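Undergrad: Structure of the sequence below:
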Amino acid sequence: MKKKKLRPLLFGLILSFSLLSCTSQQSTLDVSSEEKALFDSNDEAPVEIADDETEYEIIIIEPGFNTWLNSIARPEGYYSQSFLENRNAIMVTTWNQRVLQPQRFNPNLYEMQINYDPSIDYGYEVNYKLYNYFIYFQRKYNQRLGPFIPRI
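TA: Below you'll find the model as predicted:
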């Protein structure tokens, strides 16, 4: 009879250890000291995202982003426009959802909605700089705007 009583206890212990080992592990970003220095800089040169042909424009005033874009980010042409459009659509959706939930997400980080329509061709430059701003933002503020780890 003692063997029968031990089985549920043993099963419970195995189940407990299994559940504890299945907990998600938080991913940490490998941010270099050079990149951290740019995050802490006070360089506030605005980055204008514009496409003369389509007449769409975004202006980003984020300390350190301009320098980060020119020194750390992948160069223009590295990503295809369709890749950038797909990633931007995902990240804009997440961003806009967070803007609408200031009690849950820091309203100092998510201040304004982004009007981005995936069916509109904004051109390569707009998509490139918007995508890189999202990467910069995620790495600087340790945020995730989609299922992808923000890498450079």
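Undergrad: so what strands line up beside whichever helix or strand E57 is part of?
TA: Per DSSP states H and E, E57 falls inside strand 56-60. Paired strands of strand 56-60, with direction, are strand 47-51 (antiparallel) (DSSP bridges).
Undergrad: Return the set of buried residues in the strand holding E57.
TA: By neighbour count on 16 or more other Cβ atoms under 10 Å, the buried set for strand 56-60 is 56, 58, 60. The C-beta positions use only the backbone N, C-alpha and C, and glycine is treated the same way.
Undergrad: Could I get the residues you listed in a markdown table, plus columns for pLDDT?
TA: Formatted as a markdown table, the buried residues of strand 56-60 follow (pLDDT from 0 to 100):
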| residue | pLDDT |
| --- | --- |
| Y56 | 75 |
| I58 | 75 |
| I60 | 80 |
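Undergrad: shaky segments in the chain?
TA: Counting by pLDDT under 70, the chain has low-confidence residues at 1-29, 40, 42-46, 49-54.
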